[in-house]
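Enquirer: Kindly generate the corresponding structure for this input.
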Amino acid sequence: MANISIEEIKRLRELTGVGITDAKAALVEAEGDFDKALEAMRKKGLTKAEKRGEREAREGQVGTYNHGGRIGVIVELNCETDFVARGDIFAELVKDVAMHIAASAPAYVSADDIPAETREAKKQELLASDALKNKPAEMADQIVEGQLKKYFAELCLMDQPYIKNPDQTVGDYVKQQAALMNENVVVRRFSRIALGEVA
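Expert: Below you'll find the model as predicted:
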């Protein structure tokens with residue numbers, strides 16, 4: 001059996017929001033390979049988060065962030081209970097998401113919010129590129145789908161690399177914090193204003 005330290009168990013617990021027993025079991029199963037255990041726990045954690053996602057989130061907070069008087073953000077995050085909405089973890093999450101929006105200027109919360117006509121216009125633009133002219137139609141479609149995914153991932157808040165930890169997306173960070181609170185957490189909407197920027 002691999003030698004597993006209490007520090008690794010604590011670290012895995014903090015990153016995934018699971019109990020100490022589950023964190024230790026994951027490390028044992030992964031034979032002490034931390035990254036492998038983390039990946040396994042993330043998969044399990046996402047399943048838990050999806051189950052929580054079926055529960056309705058009507059409470060929450062509207063948070064603001066102002067960066068040097070030049071960038072202002074207002075964001076709405078929802079959760080299930082008023083108790084959680086008033087807690088420190090939720091308040092920190094709202095602040096972190098607002099700061100990320102100020103720094104990374106997303107256009108949409110998630111891919112679901114992209115208007116069909118915007119997506120289609122970008123698709124046609126990519127299909128018309130010189131690089132795809134001699135490719136078979138099926139291959140061109142596959143290439144464009146990949147390009148679209150990458151292009152819109154940069155514009156969608158939940159798909160952007162999280163500024164405080166670029167190894168995870170904002171969506172993964174929100175799910176991680178939701179797991180700590182054992183609640184369904186939804187980033188509902190946001191607005192970002194930068195001084196001198198024309199909408």
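Enquirer: what about Ala91, distance to Ala40?
Expert: 30 Å (Cβ to Cβ, to the nearest Å). (C-beta placed from N, C-alpha, C; glycine too.)
Enquirer: Which one's more surrounded, those two?
Expert: Just comparing Ala91 and Ala40: by other Cβ atoms under 10 Å the higher neighbour count belongs to Ala40, 18 against 14.
Enquirer: State the mean pLDDT of the strand or helix carrying that one.
Expert: If you go by DSSP states H and E, Ala40 is part of helix 34-53. The average pLDDT within helix 34-53 is 65.
Enquirer: where does the residue nearest the centre of the chain land on pLDDT?
Expert: The chain has Gly171 as the residue nearest its centroid, 1.2 Å off, counting by Cα atoms, centre = their mean. Looking at Gly171, its pLDDT stands at 95.
Enquirer: so which strand or helix has it?
Expert: Under the criterion of DSSP H and E, Gly171 resides in helix 170-181.
Enquirer: Give the other helices and strands that that helix contacts.
Expert: Here helix 170-181 touches helix 6-16, helix 34-53, helix 88-104, strand 161-162, going by 3 or more Cβ pairs under 8 Å, 6 or more residues apart in numbering; DSSP states H and E.
Enquirer: Now do that helix against helix 6-16, angle only.
Expert: In terms of direction (axes from the mean of the first three to the mean of the last three Cα atoms, to 10 degrees), helix 170-181 departs from helix 6-16 by 110 degrees.
Enquirer: Work out the gap between the following helix or strand past helix 170-181 and the centre of the chain.
Expert: The helix or strand immediately downstream of helix 170-181 is strand 186-194, counting by DSSP H and E. Put simply, strand 186-194 sits 14 Å off its chain's centre (Cα atoms, centre = their mean, to the nearest Å).
Enquirer: and strand 186-194, which strands flank it?
Expert: With DSSP bridges as the test, strand 186-194 is paired with strand 71-79 (antiparallel).
Enquirer: Could you give the average pLDDT over the partner strand?
Expert: Strand 71-79 shows a mean pLDDT of 96.
Enquirer: likewise stretch 149-163?
Expert: pLDDT averaged over stretch 149-163 gives 93.
Enquirer: cool, and stretch 111-118?
Expert: On average, stretch 111-118 scores 89.
Enquirer: Pull out the buried residues from that stretch.
Expert: Asp113, Ile114 (16 or more other Cβ atoms under 10 Å).
Enquirer: which outside residues touch that stretch?
Expert: For stretch 111-118, contacts defined as Cβ atoms under 8 Å, 6 or more residues apart in numbering pick out Tyr108, Phe152, Ala153, Leu155, Cys156, Asp159.
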